[in-house]
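[1] With the sequence up front, the predicted model follows.
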Amino acid sequence: MNPQQSTKSKTQSEAKPLTMAAALNRAMRDALTENENVVIFGEDVGPLGGVFRITDGLNRDFGENRVWDSPLAESGIIGTAIGMAMYGLRPVVEMQFDAFSYPAFEQIVSHVAKAHNRTRGAVRLPMVIRIPTSGGIGGVEHHSDSSEAYWTHTPGLTVVTPSNPTDAYSMLLESIRSDDPIIFLEPKSHYWTKEPEATELEELPMNKARVVREGDDVTLISYGPTVALALKTAELGAAEGLSVEVIDLRSLSPFDDETVGASVRKTHRAAVLHEAAQFGGYGAEVAARVTEREFYHLASPILRITGADIPFPAPLLEKFYLPNPERILTALNSWNWED
């Protein structure tokens, strides 16, 4: 059976919706079953099933030679995975929290991203680095970072992030099957969210964006945890007569210029959402890229609606740091709509 066909049939055959956590677990379970070269390791991912229980039951069912606990050393986790991938295994590793990936930054940027180019294609690194990302759970600093701009700025890495359980399943399975290194960002605030409509989504390759709500007045570009915010904003906007089109990027690098550009040419206005600080953030690249390609179709400058330019705050202040639908709608209403 064609791998893509097997993914599609399994996703469509779901009798009931899964949480994102369960969908990710199922994707890894199916990958372990499908390919004996897939291995999974990281801090506490073995018998405990990970701090978020995403790998729950995999160590029990596949054994400690396929799923195991690593030392508390992120650089060592990635370095080990690089060697395994060079010799034919397909490691799936977990960075326990977003900011915990920083000790592995040198390994990822200097080696994971560059091995294929450095060896003129002789060495492929089929590995997935799973990173629980972003806020929304009342976590302290080092537990709520949005680090996507670091990874998307690194040539040689594919960076993807799902916003719903169905995409979490299909995109992780596709990532594990890929022969290239993937940074897989998981919005931890969505781990336990059930979305009944998720099992009815059109299945797309992970490098394609999706229009999740059609509109005529403005394109709201979102990804990962901000997709739900964008949809809530669109509902509020509709009550005020504002028609908002919502795009879920899904893939941050590579970027789907075709889908985003088609939307902007229709609405003539755009805004991009993310939780990370604004200065130097991923939204700046999106705004620049869209402006360069669609300048003559834009009625107004592209807005960036983001987290504040400060380190992630203490849990009680999180609600003031993160974008919310009311703040997003206020920003959209700041345009001169008579232009």
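    Arrived safely.

[2] Specify the local secondary structure of residue 186.
    strand (DSSP: H, G, I helix; E, B strand; the rest coil).

[3] Report the contact partners of it.
    Residue 186 is in contact with 20, 24, 54, 130-133, 161-162, 168, counting by CB atoms under 8 Å, 6 or more residues apart in numbering. C-beta coordinates here come from the backbone N, C-alpha and C atoms, glycine included.

[4] can you list these in CSV and add secondary structure, pLDDT and distance to residue 122?
    As requested, the contacts of residue 186 are exported to CSV (DSSP: H, G, I helix; E, B strand; the rest coil; pLDDT from 0 to 100; distance: CB to CB, whole Å):
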residue, secondary structure, pLDDT, distance to residue 122
20, helix, 94, 37
24, helix, 96, 32
54, coil, 96, 33
130, strand, 97, 27
131, strand, 95, 28
132, strand, 94, 33
133, strand, 93, 32
161, coil, 97, 30
162, coil, 96, 32
168, helix, 94, 33
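
[5] Tabulate those residues (a markdown table), appending distance to residue 115.
    Shown next, in a markdown table, are the contacts of residue 186 (distance: CB to CB, whole Å):
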| residue | distance to residue 115 |
| --- | --- |
| 20 | 30 |
| 24 | 26 |
| 54 | 27 |
| 130 | 19 |
| 131 | 19 |
| 132 | 25 |
| 133 | 24 |
| 161 | 23 |
| 162 | 26 |
| 168 | 27 |
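
[6] Go through those residues and say which is closest to residue 145.
    Nearest to residue 145 among these is residue 133, at 7.2 Å by CB to CB.

[7] Test of understanding: give the bridge partners of the closest one.
    Beta bridges link residue 133 to residue 187, judged by DSSP bridges.

[8] now residue 93
    Beta bridges link residue 93 to residue 41, residue 129 when assigned by DSSP bridges.

[9] which residue ranges form the helices in the stretch 201-339 of the chain?
    When assigned using DSSP state H, counting those that start in this stretch, the helices of the stretch 201-339 of the chain occupy the ranges 226-239, 257-267, 282-294, 318-321, 325-332.

[10] can you tell which of those helices is closest to residue 216?
    Of these, nearest to residue 216 by CB to CB is helix 257-267, at 6.2 Å.

[11] Give me the angle between that closest one and helix 282-294.
    Angle, helix 257-267 to helix 282-294, by axes from the mean of the first three to the mean of the last three CA atoms, to 10 degrees: 70 degrees.

[12] for helix 257-267, which positions count as buried?
    Along helix 257-267, these residues count as buried under the neighbour rule (16 or more other CB atoms under 10 Å): 259-261, 263-264, 267.

[13] Tell me which other helices or strands it touches.
    Helix 257-267 sits against strand 210-213, strand 218-222, strand 244-248, strand 270-277, helix 282-294, with contacts defined as 3 or more CB pairs under 8 Å, 6 or more residues apart in numbering; DSSP states H and E.

[14] So which elements touch the fourth one?
    Judged by 3+ CB pairs under 8 Å, 6+ apart, the packing partners of strand 270-277 are helix 148-152, strand 218-222, helix 226-239, helix 257-267, helix 282-294, strand 303-307, helix 325-332.

[15] What strands line up against it, and which way round?
    Take DSSP bridges as the rule and strand 270-277 pairs in its sheet with strand 218-222 (parallel), strand 303-307 (parallel).

[16] and the angle for it with strand 244-248?
    Using the same axes, to 10 degrees, the inter-axis angle of strand 270-277 relative to strand 244-248 is 50 degrees.

[17] what do you get for the longest one?
    Between helix 282-294 and strand 244-248, the angle formed by their directions is 110 degrees, by the same axes, to 10 degrees.

[18] Report the beta-bridge partner residues of residue 158.
    Under the criterion used here (DSSP bridges), residue 158 is bridged to residue 182.
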